[in-house]
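my questions are about this predicted structure, shown below with the sequence.
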Amino acid sequence: MAALLDLDVTTDLQNNFPAIYTDPAHAPFRSSYARIGAFLTEVGSIKAQLAVLEQRVENRLLTRLGYDSGIWSYMRGVGRAINISKATTQFGGMVTRLGQTNSGQPVKKNPAFSKLLTDELSKIEKDAGFNMAEDEDGHPKALMIMPLGADQFRALIENKRTFKDPTIGADHGEYTHRVQWALIILANIVPQTAQVYEMIGKVVWPVSKNFGLWDALVDRQPMGAPGLPQPFPFYKRDNFDFRTPEALLTWLCLPEQQTAYPLVAGFLKNRKMKRAFVTANDSAKNPLLLNYIARKIYGKLFDELKEDEQANAEGFLGSSQQVGVLDPSGPGGTYVPT
């Protein structure tokens, strides 16, 4: 299908969120809502901004490796070819490294290729005015969240916090929303992107408080998704409706995108494979999710924790009440609710 026009999105929003069009607080943002929804159905525009994002990640890689000055700047082309291949090879080892970590083996990982995309996403978000957490070196980072109730999730958006969700389904992807918003920012299609993001978090669907404007614009559901009220208006329109995270991530995993955007799409595909592996292999004997949480909070595997620490990790994973960021300043690191 052809891309949606801003008017098409506006009509959809008028039908499902009529209060937006009577509330003066939303008047400055209505055109932005429409532009975001339409943009995420424009495959050509998405490709153009993915090329920009890919270039930025590539520049980050080459800068880390010292190809910005002196004689090395003349070797940039050669360095690009060699090191993009090395980076994608490291991306492909995520499941292997997970197995090594969970069996207590040392993990071999080249830091030059680590967090290439996530560091670039954080810079884009920080520069656009989003509220970021910080790592131990003071670098901006997104929140890691566990399952949240709808009100808590919208509060996260209202606070202009970006996030990754390691417990979300593999097809949805833990980074897909960050990529959506990075493309929106890079395209410069709306003014004050962080303020638009904030306002989106304020809007609840009148039919069910479990959904809102966020779902209409950037989190539409695949057809046949279970447990939804009927009739439900926020379904994927087609396979190029990148308002649906599953559609965007599936498309990025196709060979054409893997070739065109090897650093961005390559990382996301292998991250998807890792999430699928965790989902398929998590068990009481092999507690992959609990190990992940335990390592983030305490720097240890789940079985190595004390009883109260295990209870904390289990509570955090199963909670719909907490959202937090890793604070490595405490003993072993702690999660600080936000």
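Arrived safely. Numbers count the residues shown, from 1 in each chain.

quick one, strands of the stretch 1-150 of the chain?
133-134, 140-141, 143-145 (DSSP state E, counting those that start in this stretch).

so what secondary structure elements neighbour the top helix by length along the chain?
If you go by DSSP state H, the chain has its longest helix at helix 43-64. Secondary-structure packing of helix 43-64 (3 or more C-beta pairs under 8 Å, 6 or more residues apart in numbering; DSSP states H and E): helix 76-91, helix 116-127, helix 176-187, helix 255-260, helix 264-281. Where you see a C-beta, it was placed from the backbone N, CA and C, and this is true even at glycine.

please redo it, this time with the cut-off set to 6 Å
Packed against helix 43-64 by the contact rule (3 or more C-beta pairs under 6 Å, 6 or more residues apart in numbering; DSSP states H and E) you find helix 116-127, helix 176-187, helix 264-281.

got CSV for those, with mean neighbour count too?
Output for the helices and strands packed on helix 43-64, formatted as CSV (neighbours: other C-beta atoms under 10 Å):
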stretch, mean neighbour count
helix 116-127, 20
helix 176-187, 22
helix 264-281, 20
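
kindly reformat these as a markdown table containing mean pLDDT and distance to L156.
Below are those laid out as a markdown table (pLDDT from 0 to 100; distance: least, C-beta to C-beta, whole Å):
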| stretch | mean pLDDT | distance to L156 |
| --- | --- | --- |
| helix 116-127 | 97 | 14 |
| helix 176-187 | 98 | 11 |
| helix 264-281 | 95 | 20 |
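
okay, the strands of the stretch 1-150 of the chain in TSV with mean neighbour count, mean pLDDT and distance to A81 next?
Converted to TSV, the strands of the stretch 1-150 of the chain look like this (neighbours: other C-beta atoms under 10 Å; pLDDT from 0 to 100; distance: least, C-beta to C-beta, whole Å):
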stretch	mean neighbour count	mean pLDDT	distance to A81
strand 133-134	16	82	34
strand 140-141	20	87	30
strand 143-145	20	83	34
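
of all those, which lies closest to G266?
G266 sits nearest to strand 140-141 of all these, at 21.2 Å, using C-beta to C-beta.

what residue ranges in the protein score low on pLDDT?
Low-confidence segments of the chain, defined by pLDDT under 70: 318-338.

do you know which of the helices and strands packed on helix 43-64 lies nearest A87?
helix 116-127 (6.6 Å).

make JSON lines out of the strands of the stretch 1-150 of the chain and add distance to G227.
Shown next, in JSON lines, are the strands of the stretch 1-150 of the chain (distance: least, C-beta to C-beta, whole Å):
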{"stretch": "strand 133-134", "distance to G227": "31"}
{"stretch": "strand 140-141", "distance to G227": "32"}
{"stretch": "strand 143-145", "distance to G227": "20"}
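
hmm, back to that, got TSV for the helices and strands packed on helix 43-64, with distance to A81 too?
TSV is the format used below for those (distance: least, C-beta to C-beta, whole Å):
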stretch	distance to A81
helix 116-127	16
helix 176-187	25
helix 264-281	15
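
please report the distance of F234 from W214.
10 Å (C-beta to C-beta, to the nearest Å).

ok now do Q258, which residues does it touch?
Applying C-beta atoms under 6 Å, 6 or more residues apart in numbering to Q258 gives the contacts A265, G266.

same check, this time on R275
So R275 contacts A170 (C-beta under 6 Å, 6+ apart).

list the buried residues in stretch 151-159.
Under the neighbour-count criterion of 16 or more other C-beta atoms under 10 Å, stretch 151-159 has F153, R154, A155, L156, I157 buried.

closest one to A225 out of these, please.
Out of the buried residues of stretch 151-159, the member with the shortest distance to A225 (by C-beta to C-beta) is F153, at 16.9 Å.
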